[in-house]
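In: Kindly generate the corresponding structure for this input.
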Amino acid sequence: MAQDINQVNLLTRREIEARTAGPLIEQFIEAMGKDKALAEVDKVVQRLAGEAGAQMAQTLGGNTMEHFHKAPDMWKQGGALEIELEEMDKDKLVFKVTRCRYAEMYRELGYEELGQVLSCGRDAAFAQGFNPGIRMTRTQTIMSGGSHCDFKFELVR
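Out: Down below sits the predicted model:
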């Protein structure tokens with residue numbers, strides 16, 4: 001009998017995925033070259049993230065920004081992120097991630113570069129899947145060496 005994957009926190013799910021996908025991606029890089037392999041991985045990650053966003057909207061019973069405000073709680077499960085909320089209203093969610101255990105986990109596994117594709121690369125597509133009118137901007141991530149991750153999600157009309 002299949003278990004509900006949503007019962008497993010996201011940090012643990014990403015670690016399981018990285019331990020499986022990492023060696024596969026490394027093999028694809030060796031076989032087809034880094035740029036081509038990562039471009040193909042990114043296509044899959046974007047599709048899955050969009051589907052996850054749509055599923056979350058369905059689970060929450062709506063796809064308004066008010067519903068989207070609940071997303072960081074899911075992302076923080078298990079102490080995965082430390083977040084400083086900067087702004088939240090009916091059209092916007094702005095916060096700063098000051099600690100990212102996802103980045104720490106990818107580094108520990110030796111997949112720091114893949115972490116950008118497998119984790120950080122999901123965020124905008126997740127928001128779009130949740131509500132096609134939500135746009136994300138971010139200028140830096142901890143995964144890519146920044147001091148923090150700066151997220152701004154806005155509902156554009």
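In: Now the phi/psi pair for Glu51, please.
Out: In terms of degrees, to the nearest 10, the main-chain angles of Glu51 are phi -60, psi -40.
In: Wait, it touches Phe126, no?
Out: No - Glu51 is beyond contact range of Phe126, at 9.2 Å (criterion: C-beta atoms under 8 Å). All C-beta spots, glycine's among them, are computed from the backbone N, C-alpha and C.
In: tell me which strands and helices the helix or strand where Gln116 lies is in contact with?
Out: Taking DSSP states H and E as the criterion, Gln116 maps to helix 112-118. Packed against helix 112-118 by the contact rule (3 or more C-beta pairs under 8 Å, 6 or more residues apart in numbering; DSSP states H and E) you find helix 10-32, helix 34-60, helix 101-109.
In: Dump the C-alpha coordinates for that helix into CSV.
Out: Extracted C-alpha coordinates of helix 112-118, given in CSV (Å, rounded to 0.1, in the frame of the first residue of the first chain):
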residue,chain,number,x,y,z
GLU,A,112,26.1,21.6,-3.9
GLU,A,113,25.9,22.5,-7.6
LEU,A,114,22.9,20.1,-8.1
GLY,A,115,21.1,21.7,-5.2
GLN,A,116,20.6,24.8,-7.2
VAL,A,117,18.8,22.9,-9.9
LEU,A,118,17.0,20.4,-7.6
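In: rewinding a little: now the helices and strands packed on helix 112-118 in TSV, with mean neighbour count, distance to Phe68 and mean pLDDT?
Out: Shown next, in TSV, are those (neighbours: other C-beta atoms under 10 Å; distance: least, C-beta to C-beta, whole Å; pLDDT from 0 to 100):
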stretch	mean neighbour count	distance to Phe68	mean pLDDT
helix 10-32	15	16	93
helix 34-60	16	8	95
helix 101-109	18	20	95
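In: would you turn the ones you listed into TSV with distance to Gly145?
Out: Putting the helices and strands packed on helix 112-118 into TSV (distance: least, C-beta to C-beta, whole Å) gives the following:
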stretch	distance to Gly145
helix 10-32	19
helix 34-60	18
helix 101-109	10
